[in-house]
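# quick one, fold the following:
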Amino acid sequence: MQSSLFTEQVGFRPLAARMRPESLDDYVGQMHLVGPGKPLRRAVEQGQLHSMILWGPPGVGKTTFARLLASVGDLSFENVSAVLSGVKDIRAIVERARNRKQSQGQDTLLFVDEVHRFNKSQQDAFLPHIEDGTFIFVGATTENPSFELNSALLSRTRVYVLKNLEEDDILRMLSRALTSEEGFGGQLAVSDEVLRVMASASGGDARRALNILEISADLAELDSDGKNRVNADQLEQVMQTSLRRFDKGGDVFYDQISALHKSVRGSDPDGSLYWLCRMLDGGCDPLYVVRRLVRIASEDIGNADPRALQLSMDAWFAQERLGSPEGELALAQAVTYLALAPKSDAVYKAFNQCMADIRKDPDYEVPVHLRNAPTKLLKSMGHGDSYRYAHHEPDAFAAGESYLPEAIHQRRYYEPVNRGLEIKLSEKRQRLDALNEQSPNKRHT
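Numbers count the residues shown, from 1 in each chain. Reported below is the predicted structural model:
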């Protein structure tokens, strides 16, 4: 089918842009947020919009939802991308929002796409204007806000998690695109079977599903009834060229990152490299992968080979400085090294056990001998009394000393394994334990 057949009717805007809903009733998916009686639905209906972070994978409707909020709330919509904009652009928006409020009495909704790409100072630039109501702030991110956004920004916003769309949601949206005048206006025929393949291949990404339909429409052929039709053959052509990408946040993504992690933990460099390449070829952000490698270096290798953590951080640095594809080779180097490094989860287990104890234990006071004593008053209160300065002790070790609260002074968390460098750490720990046991200067008996 010649694409010009649809040009006059639909114009040149992408199908995904033309099919954006104009009301919450037309909005597809996210019923846990916008369904009847749900939190965001209530906020919209009661005119109590607030600043928020929309966290979810690509194509689940973050931008669309922000536009709907502005439309339903009769707010002026301002849109910036963290990739293309800076503090200067934010200042200009602030000025426009203030002038608009003073001259027209209209509030502004500022939508910041990929807000996680702003650095700390850029994120801080929003804070006073969120607080004084200059605009309602809506940030969109595909990354975990806890890791990527400032705590100050998070404290002034509410975080809402948007989920991948269900296959039935995608099917309803595709069907609407076929019949709507903003879509193909009934001029394109697609069987239910082909639509279902499109929906399944989209991985819950609405924009991706509509892109598949739009590309397929360019390949449609006239059938015996004189109607333009997309069949399985045309869809297969599209899928061979565009459907190798996966949606970050979808099941395939999490399955592959799980396979990568388990391959490294299982000391298989080939499997590790394979899943790394699958993810990179699938469009995964290399920085997401390298963050996971840093986690693996501490969780599964730890002190058995501390170089694993350094090499992972070096790979992160290389990827940030070089970008793709040059930086990806550093990821491959790190992955293969981590796979063959000696393994230990001793640090991981010790940290988790200690955190679990702290959450259930009372807040034990810091022992007096460990307290800071920068003033005469604090010294007179006994702070720092009988503290033993390790460097003045034999082998820089104050044998018999205790550094835990007295009630739990016998607890042990870190137990090195007999692999890699932790063999030597284990031997040293045993040596120190023996010195503690033999010491005549035990803090606690």
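
# quick one: the strands in the chain?
Using DSSP state E, the strands of the chain run over 52-55, 76-81, 108-113, 136-141, 158-161, 188-190, 221-222, 228-230.

# rebuild these as a markdown table, extending it with mean pLDDT.
Formatted as a markdown table, those follow (pLDDT from 0 to 100):
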| stretch | mean pLDDT |
| --- | --- |
| strand 52-55 | 93 |
| strand 76-81 | 89 |
| strand 108-113 | 93 |
| strand 136-141 | 93 |
| strand 158-161 | 91 |
| strand 188-190 | 86 |
| strand 221-222 | 78 |
| strand 228-230 | 83 |
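
# where does A82 fall, phi/psi-wise?
Main-chain torsions, A82, degrees, to the nearest 10: phi -70, psi -20.

# next, name the residue at the spatial heart of the protein.
In the chain, the C-alpha nearest the mean C-alpha coordinate belongs to E143, at 2.4 Å (C-alpha atoms, centre = their mean).

# now do the contacts for that one.
By C-beta atoms under 8 Å, 6 or more residues apart in numbering, the contact list for E143 reads 55, 116, 288. Using the backbone N, CA and C atoms, a C-beta is placed for each residue, glycine as well.

# how much space between it and P58?
Distance of E143 to P58, given as C-beta to C-beta, to the nearest Å: 12 Å.

# now Y348
Taking C-beta to C-beta, one finds Y348 at 31 Å from P58.

# quick check: domain ranges of this structure?
Domain assignment for the chain by automatic domain parsing gives 4-11+166-242, 30-161, 251-340, 349-438.

# from the chain's centre, how far out does the longest one sit?
Translated: domain 30-161. Remark: domain 30-161 is offset 18 Å from the chain centroid, using C-alpha atoms, centre = their mean, to the nearest Å.

# ok, and the closest non-adjacent residue to R443?
S402 (4.0 Å; C-beta to C-beta, 6 or more residues apart in numbering).

# can you check G400 too?
In this structure, G400 finds its nearest non-sequential neighbour in S439, 3.1 Å apart by C-beta to C-beta, 6+ apart.

# contacting residues for R321?
Listed by C-beta under 8 Å, 6+ apart, the contact set of R321 reads G327.

# neighbour count: Y348 and P58, which is higher?
The neighbour comparison of Y348 against P58 (other C-beta atoms under 10 Å) goes to P58, with 20 against 15.

# give me the phi and psi angles of the more buried one.
Per-residue torsions, P58: phi -60, psi 150 (degrees, to the nearest 10).

# thought it was touching T141?
No. In this structure, P58 is not within contact of T141 by C-beta atoms under 8 Å, at 10.8 Å.

# so which residues of the stretch 251-400 of the chain form helices?
With helices called from DSSP state H, counting those that start in this stretch, the stretch 251-400 of the chain shows them at 251-265, 269-281, 286-296, 307-322, 328-340, 346-360, 376-380.
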